[in-house]
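S.K.: below are the sequence and a predicted model; questions follow.
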Amino acid sequence: MRKGYGQFCPVAKAAEVIGDRWSLLVLREMLYGNRYFNDISRGVPLMSRALLAQRLKELEKLGVVVSREKETGQGHEYLLTPAGEALRPLIEAMGVWAQQWGSEQIAPEDLDDALLMWGMRRRVNLEAVPAQKIVLQFDFRGLTKGSKSQRSWWLVIENGEVDVCQKDPGFEVNVLISADLNVFTHVWMGYTHLNAALKQGVVCFEGNRDWVRQVATWLYLNGEWRYGMGLDHSAAQLMQANKCVAAECKEVSGV
């Protein structure tokens, strides 16, 4: 039997829906547009597939997720109900809070090159990418999980589609990006300025000069963290408003 808080308080009732471990991250993946089990699973790599299946069933019973068979008849797709979609501003606001107050909370064990690549895959600025096949190779060093200290990935962009490859796809690489995983993660999250990382040599771009100049725009590396993390403009405005309020309070107090 599902455990609740035994309170009629709306906050308690909301916590019963999204308070279970992993539930928020499952909903985050669905808000990003992931509808299929494997796609959702890639966004929560440390969550067992059995637990993911259980959470999806629980969220469906709670009325925030609905499942239906794929047109092929093999497997299911999972969609947010109006109640599930209504959670978007809440989850976005949590991201805004963490962006403003939680930058120091990223521990070495939180770093994950696979999760980073999957995040970049779904948030490429396709409107800025040239109308041709673009191949980006990422050589990450400073890995903290597993026995390897460095690993390579490839991002292939073509015809509005983005693929992530852990094995060399065999295409000509347009830009090679060599980076410390910790630093690049902080750059992508908007905690570290790209120019500073480039000057320090902890992030390096190699390749065609024109492509190199554009990579930051393609991958939202110039501090546009709200796009990289899937947060909309209204959420970013909330963060800016909070900063303005804080500044006004500081001025009034004379601190």
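M.R.: Yep, it's here.
S.K.: burial check on the nearest residue to P108 once chain neighbours are set aside, number of neighbours?
M.R.: Of all residues not flanking P108 in the chain, T144 sits nearest, at 4.7 Å (Cβ to Cβ, 6 or more residues apart in numbering). Placement of C-beta: from N, CA and C, glycine included. Counted with other Cβ atoms under 10 Å, residues neighbouring T144 total 14.
S.K.: what strand or helix carries T144?
M.R.: Using DSSP states H and E, T144 maps to neither a helix nor a strand.
S.K.: ok, now which ones touch it?
M.R.: Counting by Cβ atoms under 8 Å, 6 or more residues apart in numbering, T144 makes contact with 108-109, 111, 181.
S.K.: inside helices: which ones of the residues you listed?
M.R.: Taking DSSP state H as the definition of helices, the contacts of T144 contribute L181.
S.K.: which residues of the stretch 51-200 of the chain fall in strands?
M.R.: For the stretch 51-200 of the chain, the strands defined by DSSP state E, counting those that start in this stretch occupy 65-69, 76-80, 134-141, 150-158, 161-165, 175-180.
S.K.: how about these in TSV, adding mean neighbour count?
M.R.: Listed next are these as TSV, based on neighbours: other Cβ atoms under 10 Å:
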stretch	mean neighbour count
strand 65-69	14
strand 76-80	16
strand 134-141	20
strand 150-158	17
strand 161-165	14
strand 175-180	20
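S.K.: R122: which of the ones you listed is closest?
M.R.: Shortest distance between R122 and the strands of the stretch 51-200 of the chain, using Cβ to Cβ, is found for strand 161-165: 7.6 Å.
S.K.: parallel or antiparallel, list what pairs with that closest one.
M.R.: Counting by DSSP bridges, the strands paired with strand 161-165 are strand 150-158 (antiparallel).
S.K.: how about the helices in the stretch 151-255 of the chain?
M.R.: Using DSSP state H, counting those that start in this stretch, the helices of the stretch 151-255 of the chain run over 181-189, 194-200, 209-218, 225-228, 233-253.
S.K.: confidence-wise, which of the ones you listed is weakest overall?
M.R.: Ranked on mean pLDDT, the bottom entry among these is helix 233-253, at a mean of 43.
S.K.: how close does D113 get to P82?
M.R.: 36 Å (Cβ to Cβ, to the nearest Å).
S.K.: quick one, which of those two is more surrounded?
M.R.: D113 (24 against 8).
S.K.: now that one: how far from A12?
M.R.: From D113 to A12 the distance is 38 Å (Cβ to Cβ).
S.K.: same check, this time on D139
M.R.: 48 Å.
S.K.: repeat that for A131.
M.R.: A131 is 52 Å from A12, by Cβ to Cβ.
S.K.: with L90 instead?
M.R.: 15 Å.
S.K.: again, but for S178
M.R.: For S178 relative to A12 (Cβ to Cβ), the value is 49 Å.
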